[in-house]
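>>> give me a 3D structure for the following:
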Amino acid sequence: AVTAERQGMVLLDADSLTAASLGAVRIAAKKNIAVASLLQVSNGGEIVLYAPSVDVAANLTAHSGTIRMGNVLKQVRDASKPLDIGIEVPQGAQAGVWVREGVTLDATGVLSDLRSGSGAPADLAHIDGGLVSIRSTESVTLEKGALIDVSGATGEIDGVADTGRTGTQLPKATPKIRLDSDGGLIQVKGQGLIESTLVGNAGGPGGIGGRIRINMDVPAAPGGSPLERLSQTLQDPDCFGFFVDGACNNWRQGLDYDWAPGLRSFGYEVDGTMIIPSSLLAHLAESKELVLSDRLPAPGPVGALDPAQFGLTPATLDLFRDTLFGGELLREILQKPGQAFALTLRPQSFANGGFADLALVNSSQGPIRLDDAHIRMGRAISLQGRILGHADTSSSLSAPHLTLLTVPGPASASLVAEVPDAKGELKLAGQLIEIVSGNEAGVSPEGTVRIGGFGRTRLEAGEIRIGGALPDQINDDTRLQLNLDVDGQLVLAAGQ
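Numbering: from 1, shown residues only. Next up, the predicted model:
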């Protein structure tokens, strides 16, 4: 019989799986997967760890292959295009992905010698670096001291013997041919902290470095953030006939407003005042940032608020529950106010990794915060999300090709800087800088690239382009305007 502590648990012998040189090891669990022993598949193979909680404390190796982990995975249903399918986190469970200190995720390329003639799949040529993909709806923690490596490979093969024009001469000795492959791809999607060393070197001078794609993405809470929930519930006093400006269209007029006199006129017994202060709003909004910093800590959970700090007594909270909200919304948002979410990437973690491309995306519509970040890539850098400088620091992004992708919405109509009197400078330098639509292909190219928190923004390139491909069809509703909106000074230096 299975003991109580082993109920619902499967133990797999990693040594046996590795010895079998399998083409793929795919494991799914409703709660958690823990890796405590080294696991390796054959060259070009795949390791998939699909669960709400994935804790990797031992090396994973798939040379020129794929390593996937987290609770989000692309899958095909009903013969349609691949969709992101997630496993829900059990209530009360600690979920996320952890790659522990000392662990190596190895998807490096390998050049096999086909002259061995064994015919074994492990001896086939798999030369490019592979893919390491980490995607979670919860936290991602890639600890300092761990290594993720998708470097390419290099090797030599025999040259083709020269037997002359007719093919009848004695073969002449020919030099061996060197093969240098490209690095692979590391992609992380979610929130958390990336401190592990990331490496994606080209296999040699004839190859291209690997790619990094970082995407900050936090699923929206049911019902929205605490601020959104309050805005959907609190009403304009004018809607109850309590005159403010005579128009029932602005829930914010219910803030800093004493509801007690009006409720007394309706027959309620109210002692004292009933006011929700506007100062509460700053504690209810959520922040969702992609952060590039070697020093800023990852944000922790925000604790409960003291109602007394906002002049709210237990009796007042009861009155709001019974008269205006029809539930305990006010107590709930005080107990769990707005949280600070961030996916923090340490620039130092990949500074010497040999990568060619870096893509930074904030899918949660929050900012990309740059804190004294100075990044140089071998081929391309792309950013999609509002760019924000941190605390008067200066940052620089340099690559032959830089792309700034717009986010929906017009440029700000206000001439007031997002961060007044900012002192730092953002420098973007390359051969080509493009500001293009972040919309899907075929959709009207519109939107804004917003850069805030810098006293000066400098774009320096041989060529600066604003625009992109036109949509397939243009009509009266088509919008073609792309905006570049910055705080402080804007300097464009092109063709120099």
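>>> using PDB, list the CA coordinates for stretch 341-360.
Only the C-alpha atoms of stretch 341-360 are listed here, as PDB (Å, rounded to 0.1, in the frame of the first residue of the first chain):
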ATOM      1  CA  PHE A 341       4.600  43.500  -9.500                       C
ATOM      2  CA  ALA A 342       7.900  43.500 -11.400                       C
ATOM      3  CA  LEU A 343      10.000  41.300 -13.600                       C
ATOM      4  CA  THR A 344      13.500  42.400 -12.700                       C
ATOM      5  CA  LEU A 345      16.400  41.600 -15.000                       C
ATOM      6  CA  ARG A 346      20.000  42.200 -13.900                       C
ATOM      7  CA  PRO A 347      21.900  43.600 -16.900                       C
ATOM      8  CA  GLN A 348      25.100  42.200 -15.400                       C
ATOM      9  CA  SER A 349      23.600  38.700 -15.800                       C
ATOM     10  CA  PHE A 350      23.900  38.800 -19.600                       C
ATOM     11  CA  ALA A 351      26.500  41.500 -20.200                       C
ATOM     12  CA  ASN A 352      29.200  39.000 -21.100                       C
ATOM     13  CA  GLY A 353      26.900  36.400 -22.600                       C
ATOM     14  CA  GLY A 354      27.700  37.000 -26.200                       C
ATOM     15  CA  PHE A 355      24.000  37.600 -27.200                       C
ATOM     16  CA  ALA A 356      23.100  39.300 -30.500                       C
ATOM     17  CA  ASP A 357      19.500  40.300 -29.800                       C
ATOM     18  CA  LEU A 358      17.500  41.500 -26.800                       C
ATOM     19  CA  ALA A 359      13.700  42.000 -26.800                       C
ATOM     20  CA  LEU A 360      12.000  43.700 -23.800                       C
END
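>>> figure out how far it is from the centre of its chain.
The chain centre lies 11 Å from the centre of stretch 341-360; the measure is Cα atoms, centre = their mean, to the nearest Å.
>>> equivalent analysis for stretch 290-310, please.
19 Å.
>>> before we move on, what about stretch 319-329?
37 Å.
>>> okay, how far is it across it, tip to tip?
End-to-end span of stretch 319-329 (Cα to Cα, to the nearest Å): 12 Å.
>>> what is the mean pLDDT for it?
Averaging pLDDT along stretch 319-329 yields 95.
>>> just stretch 95-102 next, same as before
Taken as a whole, stretch 95-102 carries a mean pLDDT of 97.
>>> measure that stretch end to end?
21 Å.
>>> show me what counts as buried in the lowest-mean-pLDDT helix or strand in the chain.
For the chain, counting by mean pLDDT, DSSP states H and E, strand 154-157 ranks last in confidence among helices and strands (a mean of 77). Residues of strand 154-157 classed as buried by neighbour count (16 or more other Cβ atoms under 10 Å): 154, 155. Yep, even glycine has a C-beta here, placed from its N, CA and C like the rest.
>>> now do that strand: which elements does it pack against?
Applying 3 or more Cβ pairs under 8 Å, 6 or more residues apart in numbering; DSSP states H and E, one finds that strand 154-157 contacts strand 177-180.
>>> after the strand it packs on, which helix or strand is next? Please name it.
strand 185-194 (DSSP states H and E).
>>> show residues contacting the helix or strand just after that next one.
Using DSSP H and E, the helix or strand that follows strand 185-194 towards the C-terminus is strand 197-199. For strand 197-199, contacts defined as Cβ atoms under 8 Å, 6 or more residues apart in numbering pick out 146-151, 186, 212, 349-350, 353-355.
>>> next, work out how far apart residue 49 and residue 98 are.
Using Cβ to Cβ, to the nearest Å, residue 49 is found at 11 Å from residue 98.
>>> out of these two, which sits in the busier spot?
Per other Cβ atoms under 10 Å, whichever of residue 49 and residue 98 has more neighbours is residue 49, with 26 against 20.
>>> give the next helix or strand downstream of the helix or strand harbouring the more buried one.
With elements taken from DSSP H and E, the one containing residue 49 is strand 46-50. Counting by DSSP H and E, the next helix or strand C-terminal to strand 46-50 is strand 53-56.
>>> what's the nearest residue to residue 218 if we skip its chain neighbours?
residue 341 (4.7 Å; Cβ to Cβ, 6 or more residues apart in numbering).
>>> let me redo that: residue 314
In space, residue 314 is closest to residue 307, 7.7 Å off (Cβ to Cβ, 6+ apart).
>>> OK, contacts around that neighbour?
Listed by Cβ under 8 Å, 6+ apart, the contact set of residue 307 reads 313, 314, 317, 331, 334.
>>> show me the contacts for the third one.
Contacts for residue 317 (Cβ under 8 Å, 6+ apart) come out as 307, 330, 331.
>>> reformat those residues as TSV; add distance to residue 488.
Output for the contacts of residue 317, formatted as TSV (distance: Cβ to Cβ, whole Å):
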residue	distance to residue 488
307	41
330	40
331	43
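>>> does residue 101 touch residue 142 like I think?
No: using Cβ atoms under 8 Å as the test, residue 101 is too far from residue 142 to be in contact (9.9 Å).
>>> okay, the two: which has more neighbours?
Neighbour count, other Cβ under 10 Å: between residue 101 and residue 142, residue 142 has more, with 28 against 12.
>>> quick check: bridge partners of that one?
Judged by DSSP bridges, the bridge partners of residue 142 are residue 99, residue 194.
>>> same thing with residue 292?
Residue 292 has these beta-bridge partners by DSSP bridges: residue 345, residue 370.
>>> any idea how far residue 350 is from it?
The value you get for residue 292 to residue 350, if Cβ to Cβ is used, is 11 Å.
>>> which ones are touching residue 243?
Residue 243 touches residue 237, counting by Cβ under 8 Å, 6+ apart.
>>> touching, residue 203 and residue 150? I think so.
No: between residue 203 and residue 150 there is no contact under Cβ under 8 Å: 11.3 Å.
>>> mind listing the shared neighbours of those two?
Common neighbours of residue 203 and residue 150, counting by Cβ under 8 Å, 6+ apart, are residue 183.
>>> between the two, which has more neighbouring residues?
Just comparing residue 203 and residue 150: by other Cβ under 10 Å the higher neighbour count belongs to residue 150, 31 against 26.
>>> which one is that one nearest to, not counting chain neighbours?
residue 184 (3.4 Å).
>>> number of nearby residues for residue 74?
12.
>>> do you know the pLDDT at the residue nearest to residue 314?
On pLDDT, residue 307 comes in at 97.
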